[in-house]
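A.B. asks: After the sequence you'll find the predicted model.
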Amino acid sequence: MSTSSKENKLGLAGGIIGIALAATSFIFSWFLAPLYVIGTAVAIVLSSIGLSRSMKSGSKKAFAITGLATAIPTFIWTLIWSFALIGAAASSSN
C-alpha cells in the first residue's frame, strides 16, 4: 500500500466525520454535546494529519480541508454548549 493512499484515507476519514458531525450538531448536540466535542476533536486531528501528509506528498487534500472547515466551528459550538449545560446543571442543583 502506498503512503499516498494512507494520507488520503486520514483526510477522507476526518472529512466524513467533520461533515457528519456538523450536519447533525444542531439536532443532537443539545443532549450529546460532550460526545460531539470528542468526535470533532477526532475529526480535527485526523484532518490535520491528513492535510500535513498530503502537503508533503502532493496528494489531494480536499477532504482534509473540508474536515477542518466543518469540525473546527462544530467543536467550538459544542464546547460552548457543553459548558452551558454544565453551568445550568450546576446552578439548578443548588
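C.D. replies: On my side now, so go ahead.

A.B. asks: all contacts plus neighbour counts: C-alpha atoms, from now on.
C.D. replies: Fine.

A.B. asks: The strand or helix carrying residue 35: what's the following helix or strand?
C.D. replies: For residue 35, the host element (DSSP states H and E) is helix 3-57. The helix or strand immediately downstream of helix 3-57 is helix 62-92, counting by DSSP H and E.

A.B. asks: how far off helix 3-57 does that following helix point, in degrees?
C.D. replies: Angle, helix 62-92 to helix 3-57, by axes from the mean of the first three to the mean of the last three CA atoms, to 10 degrees: 90 degrees.

A.B. asks: for helix 62-92, the distance to its chain's centre please.
C.D. replies: Counting by CA atoms, centre = their mean, to the nearest Å, helix 62-92 is centred 9 Å from the centre of its parent chain.

A.B. asks: Same question for stretch 60-69.
C.D. replies: On CA atoms, centre = their mean, the centre of stretch 60-69 falls 11 Å from that of its chain.

A.B. asks: residue nearest the centroid of the protein?
C.D. replies: residue 40 (2.6 Å; CA atoms, centre = their mean).

A.B. asks: What is the one helix or strand in the chain whose mean pLDDT sits lowest packed up against?
C.D. replies: Within the chain, no helix or strand scores below helix 3-57, which has a mean of 87 by mean pLDDT, DSSP states H and E. Counting contacts by 3 or more CA pairs under 8 Å, 6 or more residues apart in numbering; DSSP states H and E, helix 3-57 packs against helix 62-92.

A.B. asks: And the helix it packs on, what's buried?
C.D. replies: 62-72, 74-75, 77-79, 81-82, 85 (16 or more other CA atoms under 10 Å).

A.B. asks: Kindly report the same for stretch 51-62.
C.D. replies: Neighbour-count burial for stretch 51-62 [16+ other CA under 10 Å]: 51, 52, 53, 54, 59, 60, 61, 62.
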